[in-house]
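# model the structure of this input:
(chains A and B)
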Amino acid sequence: MSSAPAIAVRDLSFAYDGTLILEQVDLTVLAGEFVGLVGPNAGGKSTLLRLILGLLSPQRGQIHVFGESPRRAARHIGYVPQFPAFSRDFPIAVEQVVAMGRLGQGPWWGWTRRADRAAARRALAAVDAEGLAERRIGALSGGQLQRVLLARALVTEPRLLILDEPTANVDQRAEGDIFDLLAGLDPRPTILVVSHDIAFISAYVHRVACLNRTLTCHPTDALDGELVQHLYGARLRAVAHDLPGPCPGAHRHHT
Amino acid sequence: MNAFLDALIHYDFLQGALVAGLLASIGCGVVGTLVVVKRIAFMAGGIAHSVLGGMGAALYYGVDPLLGALLAAIVSALLIGGVRLAWAAQEDTLIGALWAIGMAVGILFIAKTPGYATDLVSLLFGNILLVPERALWFMGGLDVVLLVVVGLCYRQFVAVIFDEEFARLRGVPVSFFYLLLLCLVAVTVVLLIQVVGLILVIALLTLPAAIAGHYLHSLGAMMVAATLLGMVFTSGGLALSYGPDLPAGPTMILLAGAAYVLSALVARLLARHRAAQRARAGG
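So this is what the prediction gives:
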């Protein structure tokens, strides 16, 4: 069980309403890795995350998380969504939001317990946001909210942390802070992070997976300005994707 | 006012009316808060109006109309919730259909039931002065059910209302709690129908909680405040209506409505005042 990879995606295809979003995707993330997932908008990044989280089911292929089905493994995953699914004017304090990560631990009945609140405070401390505990969720800035969402994911004591564009709504300095924080987590879970900023995350991650319907992996040192420009520039299709790289399970393909 | 207090001491029916208002306020405070925060007032309106079908059928077949109301409310709650969960689609068309179909079924049944006229009016507008003692026990029982369910599963309800996706990832059976929430709404609607009738249910379900939401930023506090406000509106409406011999239900609603408008204005002014103060302190 512990030797199983954190994420094992094999031959995964997913279509939504007749549009093929993911095609024959293979991805293996080993326990302890810090992997970045990049790609253009509508390239299928969020869909792949939702499949790994068990919120969607693939039409073809298999996904295993720590050797289990995504739905069973969900309790081991901490998830930070790109856009919070809640409305900002919800009458709730930060501490209560973070404590929600403790659902599924302890007895199912009753109100938030002292142990849950203590865990929430610890998670807030881990993201340097202790001072926000009593604040209303709607009173936070973008960067503060991002830290709180990270704390809500960490309070679950995840073995795998999945983040969808955690820095899309924050400025550059806050972006650096959040990635420093991720890199410094102790114990550090396996991390899969979606980002639009390939140049930026390459300083932190071990490996970058490029997703545009199909997926290709690159070791971080193979990334240079040219590749970055190609991925997001007009000549996206010109990228030579068949670089040999230490990417377990990645298939080679030509675009 | 003194005349009202005097009458309250002497007349059983007024005491019953007061108790009915207080009992209904518990439901409207606790569940109304969840309805307001989850923004499902329209859904609650659909459930409320579909209840007429159940009441009409119960009257026709000689069953307790309260039982028919409860059954119809829960069936339509499960229908509306089921459609939203299964199709992940906008449920408002279905709500509108149930709203109208329920009323049509109810009116047909009532038309075919001998001696219907007064019943129809009291179903639509409620008649708190005619709530029988048996109904008070029934309402008390429903309140206990509401409080126990919300008390035991408070965290799950908050999680499902706040962020369904995250709740699902934490292993909370979201569909179950969503449907359970709608069933609680159904039970509350039946509670309130006794007091203000099904047309006015929505006001008492949403206004106290909405007023509480102007000033409070925690669900638990909102529930307590909305319950107390509901008690003020039902008792106050009853007292105000007694002297000039007005119907009690609409008086309560107008009282609640006036308080809501006033509160919205005050909350707005307060927010502006706070912002101005902060800007001045900052500059």
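# so where's the chain shaky on pLDDT?
Went with chain A since none was named. Along chain A, segments meeting pLDDT under 70 span A:1-2, A:220-255.
# hmm, no, I was thinking of chain B.
Across chain B (using pLDDT under 70), the flagged ranges come out as B:1, B:88-90, B:115-120, B:283.
# tell me which residue is most central in it.
Geometric centre of chain B, nearest residue: residue B:205, 3.2 Å, by CA atoms, centre = their mean.
# surely residue A:24 is within a strand?
Yes - under DSSP: H, G, I helix; E, B strand; the rest coil, residue A:24 falls within a strand.
# any idea how far residue A:157 is from the residue in chain A sticking out farthest from the centre?
Distance from the C-alpha centroid of chain A, by CA atoms, centre = their mean, peaks at residue A:110 (30.9 Å). Residue A:110 is 21 Å from residue A:157, where distance means CB to CB, to the nearest Å. (Glycine included, C-beta is placed from N, CA and C.)
# does residue 179 lie in a helix or a strand, and which?
As the question left the chain open, I've gone with chain A. Residue A:179 is located in helix A:172-183, with elements delineated by DSSP states H and E.
# actually, chain B is the one I wanted.
helix B:174-196.
# show me what counts as buried in that helix.
Judged by neighbour count using 16 or more other CB atoms under 10 Å in any protein chain shown, the buried positions of helix B:174-196 are B:174-175, B:177-196.
# ok, residue B:47 touching residue B:189?
Yes - with contacts counted by CB atoms under 8 Å, residue B:47 reaches residue B:189, the gap being 5.4 Å.
# overlap in contacts, those two.
By CB atoms under 8 Å, 6 or more residues apart in numbering or on different chains, residue B:47 and residue B:189 have these common neighbours: residue B:73.
# how about the strands in the stretch 151-255 of chain A?
For the stretch 151-255 of chain A, strands defined by DSSP state E, counting those that start in this stretch occupy the ranges A:160-164, A:190-194, A:207-212, A:214-219.
# now render those strands as JSON lines, adding distance to chain B and mean neighbour count.
Shown next, in JSON lines, are the strands of the stretch 151-255 of chain A (distance: least, CB to the nearest CB, whole Å; neighbours: other CB atoms under 10 Å in any protein chain shown):
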{"stretch": "strand A:160-164", "distance to chain B": "10", "mean neighbour count": "24"}
{"stretch": "strand A:190-194", "distance to chain B": "15", "mean neighbour count": "24"}
{"stretch": "strand A:207-212", "distance to chain B": "21", "mean neighbour count": "23"}
{"stretch": "strand A:214-219", "distance to chain B": "23", "mean neighbour count": "22"}
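# residue B:81: which of these is closest?
Of all those, strand A:160-164 sits nearest to residue B:81, with 28.2 Å by CB to CB.
# who does that closest one touch, helix- and strand-wise?
Other helices and strands packing on strand A:160-164, by 3 or more CB pairs under 8 Å, 6 or more residues apart in numbering or on different chains; DSSP states H and E, are helix A:45-52, strand A:77-80, helix A:142-154, strand A:190-194.
# how near is residue A:21 to chain B?
Note on residue A:21: its distance to chain B, by CB to the nearest CB, to the nearest Å, is 17 Å.
# and for residue A:197?
For residue A:197, the distance to chain B - CB to the nearest CB - is 25 Å.
# now do the phi/psi pair for that residue.
Here is the backbone geometry of residue A:197 (degrees, to the nearest 10): phi -100, psi 80.
# was I right about it contacting residue A:168?
No - taking CB under 8 Å as the definition, residue A:197 is not a contact partner of residue A:168, at 9.1 Å.
# residues touching residue A:6, list them.
A:29, A:30, A:31, A:32, A:33, A:65, A:66, A:159, A:160, A:190.
# what parts of the stretch 151-283 of chain B come near chain A?
B:151-156, B:158-159, B:162-172, B:213, B:216-219, B:222 (CB under 8 Å from any CB of the partner chain).
# what helix or strand is residue A:27 on?
Going by DSSP H and E, residue A:27 is in strand A:19-29.
# any idea how far that strand is from the chain center?
Centroid displacement of strand A:19-29 relative to its chain, using CA atoms, centre = their mean, to the nearest Å, is 16 Å.
# direction included, what does the next helix or strand after that strand pair up with?
Using DSSP H and E, the helix or strand that follows strand A:19-29 in sequence is strand A:34-38. With DSSP bridges as the test, strand A:34-38 is paired with strand A:190-194 (parallel), strand A:207-212 (parallel).
# out of those, nearest to residue B:257?
strand A:190-194 (47.7 Å).
# need the contact partners of the strand or helix carrying residue B:77.
Counting by DSSP H and E, the element that carries residue B:77 is helix B:65-87. Identification of contacts with helix B:65-87 by CB under 8 Å, 6+ apart yields B:43, B:46-48, B:50-59, B:89, B:91, B:94-95, B:98, B:102, B:119, B:123, B:135, B:138, B:175, B:178-179, B:182-183, B:185-187, B:189-190, B:193-194.
# next, the angle helix B:174-196 makes with that helix.
Here helix B:65-87 runs at an angle of 150 degrees relative to helix B:174-196 (axes from the mean of the first three to the mean of the last three CA atoms, to 10 degrees).
# got the CA positions of helix B:65-87 in CSV?
The C-alpha trace of helix B:65-87 is given here as CSV (Å, rounded to 0.1, in the frame of the first residue of the first chain):
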residue,chain,number,x,y,z
PRO,B,65,-55.5,18.1,6.7
LEU,B,66,-52.3,18.6,8.6
LEU,B,67,-51.2,15.1,7.8
GLY,B,68,-52.0,15.6,4.1
ALA,B,69,-50.0,18.9,4.2
LEU,B,70,-47.0,17.2,5.7
LEU,B,71,-47.1,14.4,3.2
ALA,B,72,-47.5,16.7,0.2
ALA,B,73,-44.7,19.0,1.5
ILE,B,74,-42.2,16.2,1.9
VAL,B,75,-43.1,14.6,-1.5
SER,B,76,-42.6,17.9,-3.3
ALA,B,77,-39.4,18.6,-1.4
LEU,B,78,-38.0,15.2,-2.5
LEU,B,79,-39.1,15.8,-6.1
ILE,B,80,-37.5,19.2,-6.4
GLY,B,81,-34.3,18.1,-4.6
GLY,B,82,-34.1,14.9,-6.5
VAL,B,83,-34.3,16.7,-9.9
ARG,B,84,-31.6,19.1,-8.9
LEU,B,85,-29.3,16.4,-7.8
ALA,B,86,-29.9,14.0,-10.6
TRP,B,87,-29.9,16.4,-13.5
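# all set, thanks.
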